[in-house]
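Student: What follows is a predicted protein model with its sequence.
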Amino acid sequence: MKPAALKIVQYILSLAALSVLAGMAACAPLPRPRPDVEGAVKRLPKWERVRDSEKTSPSFPDAFEARLDPVKMKRWREIVELAKDAGLPVNLPGSTKEDEPGNNPRPVVAPAFSATPLYTELLSAVNVFFNSWPYTKDQDVWDIDDHWATPAEFMQYSGDCEDYAIAKYYALRCLGVRADLLRVAAVWDKRRRKGHAVLLAQAGNNTLTLDNLSDSIVNFDDIHHYIPVYYVNEQSMWTIASRKN
């Protein structure tokens, strides 16, 4: 094959590989939101449905707590008290006017707080709490290959990886953690050779990973088998230009 033709083939194959990876999620370090916020999020209709549902009918706290058994309710109340002890405003809806694109976000979590051991303890408690739900496949519950569940839907039917991440995201938002400290992240798992989703939380200079596959939270940079693809929060969606090798 001539060199020019070979370059064209390689370029086409690289585009195909990126399109496959675009079905998964990402991050590190967390960039500032881009100005084309609404257009960016709308490229992911499943996330847009969840985000808009949580704006109009928040799952937390009422719909969420109504589905808890006594044991889980006791543990959830302990998590709420942990957040209150940290000085966080609990029971915020998923999004407020101050969090909307174009506004200057009102600090809900002081930047210094996100670097404290208490914040890490809160992230760990939320991760372990939601990991206690059983893993269920979208095909078994929704009869489709890929459904992104609201936290209320997750509470009723459980879900798969992105549903755990979404539930943890909105739980932490309810507990007072600022949206720009959180990302629902899509990654390519090199070990399992499949797409996966986790929640990423900024903690000082670290980006901690809340993963339904582990009760331990670790720095995302230390998980070398996760290749970032994209990540979202209420404000925007970011694709990742530079990826781990």
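Tutor: Cool, got the structure.

Student: Check which helix or strand Y231 maps to.
Tutor: For Y231, the enclosing helix or strand under DSSP states H and E is strand 226-232.

Student: Tell me which helix or strand comes right after that strand.
Tutor: Moving toward the C-terminus from strand 226-232, the first helix or strand encountered (DSSP H and E) is strand 237-239.

Student: which non-adjacent residue is nearest R67?
Tutor: With sequence-adjacent residues excluded and distances taken as Cβ to Cβ, 6 or more residues apart in numbering, R67 is closest to M155, at 4.0 Å. For every residue, glycine as well, the C-beta is placed using N, CA and C.

Student: For T239, name its beta-bridge partners.
Tutor: Residues found in beta-bridge contact with T239 (criterion: DSSP bridges) are Y230.

Student: Now that it has come up, it's in contact with V229, right?
Tutor: Yes. Counting by Cβ atoms under 8 Å, T239 sits close enough to V229 to count as a contact (7.3 Å).

Student: quick one, which of the two is more surrounded?
Tutor: Neighbours of T239 and V229, each counted by other Cβ atoms under 10 Å, are more numerous for V229; the result is 24 against 15.

Student: gap between that one and R183?
Tutor: V229 sits at a distance of 12 Å from R183 (criterion: Cβ to Cβ, to the nearest Å).

Student: For beta bridges, what are the partners of the most centrally placed residue in the chain?
Tutor: Central residue check for the chain by Cα atoms, centre = their mean: the C-alpha nearest the mean position is that of V184, 1.9 Å away. Beta-bridge pairing for V184 (DSSP bridges): L199, V232.

Student: Please name the residues that touch it.
Tutor: 25, 47, 162, 165-166, 169, 197, 199-200, 231-233 (Cβ atoms under 8 Å, 6 or more residues apart in numbering).

Student: Mind giving me the PyMOL command for buried ones among those?
Tutor: For selection in PyMOL, the members of those meeting the burial criterion (16 or more other Cβ atoms under 10 Å) are listed in this command:
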select buried, resi 25+47+162+165+166+169+197+199+200+231+232+233
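
Student: Confidence-wise, which of the contacts of V184 comes last?
Tutor: pLDDT across the contacts of V184 is lowest for A25, at 38.

Student: got the CA coordinates for stretch 201-209 in CSV?
Tutor: As requested, C-alpha coordinates have been extracted for stretch 201-209 and formatted as CSV (Å, rounded to 0.1, in the frame of the first residue of the first chain):
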residue,chain,number,x,y,z
ALA,A,201,-14.8,13.9,43.4
GLN,A,202,-12.2,16.6,43.7
ALA,A,203,-10.5,16.5,47.1
GLY,A,204,-7.7,19.1,47.3
ASN,A,205,-5.2,18.2,44.6
ASN,A,206,-6.6,14.7,44.2
THR,A,207,-9.5,13.3,42.2
LEU,A,208,-11.0,10.5,44.2
THR,A,209,-12.9,7.6,42.6
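
Student: wouldn't A115 be in contact with A201 here?
Tutor: No. Using Cβ under 8 Å as the test, A115 is too far from A201 to be in contact (11.7 Å).

Student: Settle it for me: which of the two has more neighbours?
Tutor: Neighbours were tallied for A115 and for A201 using other Cβ under 10 Å; the higher tally belongs to A201 (28 against 14).
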